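Asks: could you look at this predicted model? Sequence included:
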Amino acid sequence: MDVKELMAFKPSQAPKRPAPQDPKQTIEDVDEDPNDSYEARAKKRKIARKKAQAIANRAQEEERLAMLEEEARQAKLAQQQNGISSEQRAKINELVEKGSEMNSIVLDEAGVKKILLAFEKKTTKNQELRIKFPDQPEKFMESEMELHDALQEMHHVATVPNHYPILVELNCVASMLGLLSHENTDIAVAAVDLLQELTDVDTMTESERGANALIQSLLDNQVCSLLVSNLERLDESVKEESDGVHNTLSIVENIVEFKPEVCKDVAVAGFMNWLIKKLKVKVTFDDNKLYASEILSILLQSEPENRIMFGELDAIDSLLQQLAHYKRHDPNQAEEIELMENLFDCLCSLLLENENRDKFLRGEGLQLMNLMLREKKKSRSGALKVLSHALTGSEGSDNCIKFVDILGLRTLFPLFMKTPKRSKRAGVSAEEHEEHTISIMASVFKNVTPGNNAGKQRERILAKFTENDHEKVDRLMEIHDKYLTKVQEADTEIEDEVKTLEGTEAELSDEEIYLKRIDGGLFTLQLVDYIILEICSCGASTVKQRVLQILNLHGGSMKTVRNVVREYAGNLGEKEEDPEKKSEQEYLLNLVDKF
């Protein structure tokens, strides 16, 4: 298995953000365990938000019905007291009829068609009146209000996704998208709100056929380009339009979650440019900025062409500028911590492409990450993760040499010697912290070599392990013992699972077993033992003596270290024709023989 594949970054997908008008959840509403991972806490918050939103929706519907009934009652009371005109009587009847209709809507095929045809009729009427009386708003205002009401009625269709194919057959998708460019932004925002509810992933999973029909029709009608055009004219200082921006981002997330292969099309349609502009604007933290960072993370995490496009737009500098704020300032609230983590995740995704590593180096990204490590703020964990991605592989050699030149070792080794307390790790586990630290150190050893004209820098690295009576060797052997124990425990569990599943369809393959061992701590153990071999073969003779002394003290053996590194070399990849991998395998096996 390729070590680059093992270290390939796949940030977890963040939960959907609640719209600003959604009910807020207090800490008491969400039963969060401080030991939970970030993803687990986010999932709990998402479930709680969904429950609260459902309650709010029911309450809103009941309130609306009560208002209609109250209007009818007041009108009837006025009739008894003073008598009413025929016009007032008609209004009363209309209110009563509307209230009864809302309670008796039958959403079968005929009922859905009735709603859709009424919507089409009111859309056409409004278009005709606007064309006929472009400078006389009073002529088309009533039709606009009727159109807005028709859009609200269309929300009922979102409760029956099995009837979505009717939307497509009656060409209502094109009509809805046409309203995104409506002169009245209230209508455009209402159309966005409707599309957001129609494309809700939880709703679409109820009918795969209906969901496929709707999503394909939206894509065929250039939904992404139309949404971007509408975004450009919305003013986020107006609450309703700010909600429209949030719902637009939610539509994009829904489409990408349902059909991940459209990530590239979404970016090319203009969303990448809009997201870069949104994150670049220096405004106080808001929900839409957080949501934009989540969507950007989704677009970058699985599509290499999107990552290359981002780099070509010279946007890495702007991303570094956004992160620079957290160099000396901690986020003020939990949501802002999520924003910061999303930006770090975006940067990690971007560093998977070689072209972006050069831009990161030229943009002084290494210097910024090093300063964040020194400042000991909440951004430190994210900076450590970014460095582990920037330095890995032979493509990270320039970054590794530069990291040593900017005195990065002075910052790295204190973190290696002592894992920070939980309150200082910003949600990152001790194992994750140690993995990132060891990964950076291993990358530096692999890339800072005389062959890369970095002989002096390599001497500085090796000298670190003789300082203070070899304290760093002692710490390295301590981590070796910790992860050797973890891997042995994981191997025992895997053996039991293999015996249980043997002969069944769920029987584990060799690759699945190896991946489980990697998750159990094998990856960190491999890197630690590789570093042990490096310092023993290239460092001072006292280093090897100290290593052997500690191994004997704890009942270990050289054979264990050699076997771990030999397995590491054997799983670097199956592509024997790759000269780089073959060269690395030979180098590792040579270290094993020397030890």
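Replies: It's in. Treat the numbers as computed from the prediction; the structure is a model and nothing was measured. Residues are numbered from 1 along each chain as shown.
Asks: quick one, what contacts Lys402?
Replies: Leu361, Leu366 (CB atoms under 8 Å, 6 or more residues apart in numbering). Glycine gets a C-beta too; all of them are placed from N, C-alpha and C.
Asks: name the SS class of it, please.
Replies: helix (DSSP: H, G, I helix; E, B strand; the rest coil).
Asks: for the stretch 51-200 of the chain, what are the low-confidence residue spans?
Replies: Residues of the stretch 51-200 of the chain that meet the criterion pLDDT under 70 lie in 51-54, 56-61, 64-65, 68-69, 71-105.
Asks: can you give me the helices in it?
Replies: For the stretch 51-200 of the chain, the helices defined by DSSP state H, counting those that start in this stretch occupy 86-103, 109-132, 137-153, 164-169, 172-178, 185-198.
Asks: ok, the stretch 351-500 of the chain next?
Replies: 354-362, 365-375, 380-391, 397-405, 408-417, 430-447, 455-463, 467-501.
Asks: can you redo the helices of the stretch 51-200 of the chain as TSV with mean neighbour count?
Replies: Shown next, in TSV, are the helices of the stretch 51-200 of the chain (neighbours: other CB atoms under 10 Å):
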stretch	mean neighbour count
helix 86-103	13
helix 109-132	16
helix 137-153	16
helix 164-169	19
helix 172-178	19
helix 185-198	22
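Asks: could you point out which of those helices sits nearest Asp481?
Replies: Across the helices of the stretch 51-200 of the chain, Asp481 has its closest neighbour in helix 185-198 (53.2 Å, CB to CB).
Asks: nearest to Ala213, out of the helices of the stretch 51-200 of the chain?
Replies: helix 164-169 (4.5 Å).
Asks: any idea how far that closest one is from the chain center?
Replies: Distance of helix 164-169 from its chain centroid, counting by CA atoms, centre = their mean, to the nearest Å, is 32 Å.
Asks: Asp529: which element?
Replies: helix 523-538 (DSSP states H and E).
Asks: related to what we said a few turns ago, redo the helices of the stretch 51-200 of the chain as TSV? Include distance to Lys581.
Replies: Putting the helices of the stretch 51-200 of the chain into TSV (distance: least, CB to CB, whole Å) gives the following:
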stretch	distance to Lys581
helix 86-103	66
helix 109-132	58
helix 137-153	58
helix 164-169	49
helix 172-178	49
helix 185-198	47
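Asks: so Thr437 touches Phe416, yeah?
Replies: Yes - using CB atoms under 8 Å, Thr437 is in contact with Phe416, at 5.0 Å.
Asks: among these two, which residue is more densely surrounded?
Replies: Thr437 (22 against 19; other CB atoms under 10 Å).
Asks: against Ile316, how distant is the more buried one?
Replies: 24 Å (CB to CB, to the nearest Å).
Asks: what of Lys239?
Replies: 33 Å.
Asks: do I have it right that Ile251 meets Val228?
Replies: No - at 11.3 Å, Ile251 and Val228 do not qualify as touching, with contact defined as CB under 8 Å.
Asks: hmm, back to that, tell me how far the helix holding Asp529 lies from the chain's centre.
Replies: Per CA atoms, centre = their mean, the centroid offset for helix 523-538 relative to its chain is 33 Å.
Asks: okay, angle between that helix and helix 455-463 too, please.
Replies: Per axes from the mean of the first three to the mean of the last three CA atoms, to 10 degrees, the angle that helix 523-538 makes with helix 455-463 is 110 degrees.
Asks: still on that earlier bit, to Thr205, which of the helices of the stretch 51-200 of the chain lies closest?
Replies: Of the helices of the stretch 51-200 of the chain, nearest to Thr205 by CB to CB is helix 164-169, at 12.5 Å.
Asks: run through who's touching the closest one.
Replies: 109, 112-113, 116, 157, 173, 198, 207, 209-211, 213-214, 217.
Asks: now with 10 Å, please.
Replies: 109, 112-113, 115-116, 154, 157-158, 160-161, 172-176, 198-199, 203-204, 207, 209-218, 220-221 (CB atoms under 10 Å, 6 or more residues apart in numbering).
Asks: may I have stretch 331-347 exported as PDB, CA atoms only?
Replies: The C-alpha trace of stretch 331-347 is given here as PDB (Å, rounded to 0.1, in the frame of the first residue of the first chain):
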ATOM      1  CA  PRO A 331     -12.200  32.100  17.900                       C
ATOM      2  CA  ASN A 332     -14.900  33.700  20.100                       C
ATOM      3  CA  GLN A 333     -17.500  31.000  19.800                       C
ATOM      4  CA  ALA A 334     -17.900  27.300  18.900                       C
ATOM      5  CA  GLU A 335     -19.200  28.000  15.400                       C
ATOM      6  CA  GLU A 336     -16.100  30.200  14.700                       C
ATOM      7  CA  ILE A 337     -13.900  27.200  15.800                       C
ATOM      8  CA  GLU A 338     -15.700  25.200  13.100                       C
ATOM      9  CA  LEU A 339     -14.900  27.900  10.600                       C
ATOM     10  CA  MET A 340     -11.200  27.800  11.500                       C
ATOM     11  CA  GLU A 341     -11.200  24.000  11.300                       C
ATOM     12  CA  ASN A 342     -12.900  24.100   7.900                       C
ATOM     13  CA  LEU A 343     -10.200  26.500   6.600                       C
ATOM     14  CA  PHE A 344      -7.400  24.200   7.800                       C
ATOM     15  CA  ASP A 345      -9.200  21.200   6.200                       C
ATOM     16  CA  CYS A 346      -9.300  23.100   2.900                       C
ATOM     17  CA  LEU A 347      -5.600  23.900   3.100                       C
END
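Asks: ok, and for it, which residues are buried?
Replies: Neighbour-count burial for stretch 331-347 flags 331, 336-347 (criterion: 16 or more other CB atoms under 10 Å).
Asks: and of these, the nearest to Leu384?
Replies: Phe344 (9.7 Å).
Asks: and the host helix or strand of that closest one, what does it pack onto?
Replies: If you go by DSSP H and E, Phe344 is part of helix 334-350. Contacts defined by 3 or more CB pairs under 10 Å, 6 or more residues apart in numbering; DSSP states H and E place helix 334-350 against helix 38-82, helix 272-280, helix 287-301, helix 304-312, helix 316-324, helix 354-362, helix 365-375, helix 380-391.
Asks: just the mean pLDDT for the third one, thanks.
Replies: If you average the pLDDT over helix 287-301, you get 93.
Asks: and that helix, how far out from the chain's middle?
Replies: Worked out by CA atoms, centre = their mean, helix 287-301 lies 7 Å from the chain centre.
Asks: these two touch, right, Lys278 and Glu294?
Replies: No - using CB atoms under 10 Å, Lys278 is not in contact with Glu294, being 11.7 Å away.
Asks: what do those two both touch?
Replies: Joint contacts of Lys278 and Glu294 (CB under 10 Å, 6+ apart) are Leu249.
Asks: name the nearest residue to Glu232, sequence neighbours excluded.
Replies: Setting aside the residues directly before and after it, Glu232 is nearest to Trp274 in space (CB to CB, 6 or more residues apart in numbering), at 7.5 Å.
Asks: ok, Val173 - contacts?
Replies: By CB under 10 Å, 6+ apart, the neighbours of Val173 are Tyr164, Leu167, Leu195, Leu198, Ala213, Leu214, Gln216, Ser217, Leu218, Asp220, Asn221, Val223.
Asks: alright, calling it a day.
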